[in-house]
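J.: 3D, please:
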Amino acid sequence: MKKRIPMVLLSCMLLWSAGYTQTVGFICMYNGDAPSGAADITTVLETEIFEQCFDHGIITTSVEHIVGKPSLYTDTASVIKLFDSSVDYVVAVYCEYGQGKESRENSQKQGLEWKKLRWKILDFSLKTVLSEDDIDPAGLGDAELKQKARSAGAHIGAAVLKKI
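T.: As a prediction, the model looks like this:
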C-alpha cells in the first residue's frame, strides 16, 4: 500500500503538468514584389522556428504564408484575426526581399537578396505585443540564404521559448 501512494501522486502530477500545454500560432509574411525564391526561404525560416518550439513540447500551428505589405505585420489585430481558433501566442515574422546584386567575383547573378527580418510575439487573448525585434540578415554570417534562414529561425525560436 505504501508503494502505491507515491505512484498515484506521481501519476497525478504528470497528468496535471500535461493537462496544459502552451500553444503558438505562426504567421510568416513577405513583400509582394519579392523575386522568385522568397517563399522557399520563408518556408525554411518558418520550419526552423516551428520545429524548435514543437521539439520543446509546445503545440504549434501556422497559417499559409502571406504575400503582402509591412502594414499587415504592424497591425496586431489583423494578425491575430488570421487564427480562427484560440492559441496562447502568435509569432509573426515579416521578411523583405529584393533583387540580388551581380556578383563580380564569379559573374553569376544572385536572384534574391534578403533585406529585412522583423518578428514579434503576441499574446493572443490580450492582443498585445510581448516582444519584438529586427534581425539584419546580412549580419547572420552565412552567404547561403537557406543557412541564414536556419540561423535566424534558431535565434527566433530560442527567444520564443525564453519568453513564453
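
J.: who touches residue 49 in this structure?
T.: Applying C-beta atoms under 8 Å, 6 or more residues apart in numbering to residue 49 gives the contacts 26, 91, 93, 153, 156, 157, 160. Yep, even glycine has a C-beta here, placed from its N, CA and C like the rest.

J.: From residue 37, how far out is residue 78?
T.: Using C-beta to C-beta, to the nearest Å, residue 78 is found at 26 Å from residue 37.

J.: mind putting the contacts of residue 49 in JSON lines, neighbour count included?
T.: As requested, the contacts of residue 49 are arranged in JSON lines below (neighbours: other C-beta atoms under 10 Å):
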{"residue": "26", "neighbour count": "23"}
{"residue": "91", "neighbour count": "29"}
{"residue": "93", "neighbour count": "23"}
{"residue": "153", "neighbour count": "21"}
{"residue": "156", "neighbour count": "25"}
{"residue": "157", "neighbour count": "21"}
{"residue": "160", "neighbour count": "23"}
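
J.: In helices, which of the residues you listed appear?
T.: 153, 156, 157, 160 (DSSP state H).

J.: could those residues go into TSV alongside pLDDT?
T.: Formatted as TSV, the ones in helices among the contacts of residue 49 follow (pLDDT from 0 to 100):
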residue	pLDDT
153	93
156	94
157	92
160	93
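
J.: This protein: strands as residue ranges?
T.: Assigned by DSSP state E, the strands in the chain fall at 23-31, 59-62, 66-68, 89-98, 113-123, 128-135.

J.: Can you check what angle separates the last one from strand 113-123?
T.: What separates the directions of strand 128-135 and strand 113-123 is an angle of 160 degrees, with axes from the mean of the first three to the mean of the last three C-alpha atoms, to 10 degrees.

J.: buried ones in strand 128-135?
T.: Of the residues in strand 128-135, 131, 135 count as buried by neighbour count, 16 or more other C-beta atoms under 10 Å.

J.: quick one: it to chain centroid distance?
T.: Distance, stretch centre to chain centre, for strand 128-135: 12 Å (C-alpha atoms, centre = their mean, to the nearest Å).

J.: wait, which of the strands of the chain is closest to residue 164?
T.: Closest approach to residue 164 among the strands of the chain (C-beta to C-beta): strand 89-98, 5.5 Å.
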